[in-house]
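A.B. asks: Need coordinates for the below:
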Amino acid sequence: MRIELDEGKCCGLGMCEAEAPDLFEVQDDGSLAVLNARPGPEQLERARAACSACPAGALQLVEA
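C.D. replies: You can find the predicted model right below:
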């Protein structure tokens with residue numbers, strides 16, 4: 001699985017970071033950094049929760 005970020009949709013609220021701080025970090029300028037675009041099996045549940053929590057729909061978890 002791979003995390004895809006649509007930077008044009010991201011509004012930098014940090015809901016994803018709250019769900020999975022090991023996978024996402026909102027930068028000082030409000031942009032989002034995906035810290036690990038290919039989460040391991042132990043991170044998939046948090047990755048799914050983070051993608052679902054995004055109010056802008058900027059995150060997707062896709063088959064790699």
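A.B. asks: what about the helices in the chain?
C.D. replies: 15-19, 44-53 (DSSP state H).
A.B. asks: and the end-to-end length of stretch 12-26?
C.D. replies: 6 Å (Cα to Cα, to the nearest Å).
A.B. asks: what's near enough to touch Ala47?
C.D. replies: Ala47 makes contact with 1, 3, 20, 23, 39, 61, according to Cβ atoms under 8 Å, 6 or more residues apart in numbering. Where you see a C-beta, it was placed from the backbone N, CA and C, and this is true even at glycine.
A.B. asks: now the fifth one, nearest residue through space, not along the chain?
C.D. replies: Meaning Pro39. Nearest residue to Pro39, sequence neighbours excluded (Cβ to Cβ, 6 or more residues apart in numbering): Ala47, at 4.5 Å.
A.B. asks: repeat for Ala64
C.D. replies: Of all residues not flanking Ala64 in the chain, Arg2 sits nearest, at 4.0 Å (Cβ to Cβ, 6+ apart).
A.B. asks: Return the distance of the residue nearest to Pro39 relative to Gly12.
C.D. replies: Per Cβ to Cβ, to the nearest Å, Ala47 is found 18 Å from Gly12.
A.B. asks: what's the answer for Gln43, then?
C.D. replies: Taken as Cβ to Cβ, the span from Gln43 to Gly12 is 22 Å.
A.B. asks: what's the burial count for the closest residue to Leu59 other than its chain neighbours?
C.D. replies: Spatially, and ignoring its direct neighbours in sequence, Leu59 is nearest to Cys51 (4.2 Å; Cβ to Cβ, 6+ apart). Neighbours of Cys51 under the rule other Cβ atoms under 10 Å: 23.
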